[in-house]
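Asks: Provided below are the primary sequence and the corresponding predicted coordinates.
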Amino acid sequence: MTKFQSIRVLLVTLLLVMGAGCATVGKDFATHNVDQIKIGETTRNDIQEMFGEPWRTGIEDGKRTWTYGKYRWSAFGEAETTDLVVRFNPDGSVASYVFNTTE
């Protein structure tokens, strides 16, 4: 193997290791809209207009639940996480929500 080939293999290996040290799951959402959510008043349609399609949907304690989140982990630095979980009443209004971020 020539010196140039050795350096090239080393650089490619280094890039692969650095790339493998990071992971991102979820998608960005408009965190500045969180303070507009009003329990019992804001509807599912309002939430969708403010934040777009949820990243995950489900049922928690019998209530429809939407999750918005972006989670970024790195082997070389601090994790960056932001999530919003919204629970809806049967009439479609917001029953409760939780917003958390490391920013």
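Replies: Now that the structure is in, tell me what you want to look at. Not measured: the values here are computed from a predicted model. Numbering: from 1, shown residues only.
Asks: quick one: residue 49 from residue 68, how far?
Replies: Using C-beta to C-beta, to the nearest Å, we find residue 49 at a distance of 13 Å from residue 68. Backbone N, C-alpha and C define where each C-beta goes, glycine included.
Asks: which one of these two has more residues nearby?
Replies: residue 68 (25 against 11; other C-beta atoms under 10 Å).
Asks: I'd assumed that one was in a strand, is it?
Replies: Yes: Residue 68 sits within a strand when classified using DSSP: H, G, I helix; E, B strand; the rest coil.
Asks: surely it and residue 84 touch.
Replies: Yes: when contacts are counted by C-beta atoms under 8 Å, residue 68 is listed as touching residue 84 (4.4 Å).
Asks: joint contacts of those two?
Replies: 29, 51 (C-beta atoms under 8 Å, 6 or more residues apart in numbering).
Asks: where does the chain dip in pLDDT?
Replies: Within the chain, the segments meeting pLDDT under 70 span 1, 3-21.
Asks: one more time with 50
Replies: 14, 16-17 (pLDDT under 50).
Asks: ranges for the helices of it?
Replies: 3-20, 44-51 (DSSP state H).
Asks: which strand residues bridge the nearest residue to residue 42 once chain neighbours are set aside?
Replies: Nearest residue to residue 42, sequence neighbours excluded (C-beta to C-beta, 6 or more residues apart in numbering): residue 94, at 4.6 Å. Note on residue 94: beta-bridge partners by DSSP bridges are residue 88.
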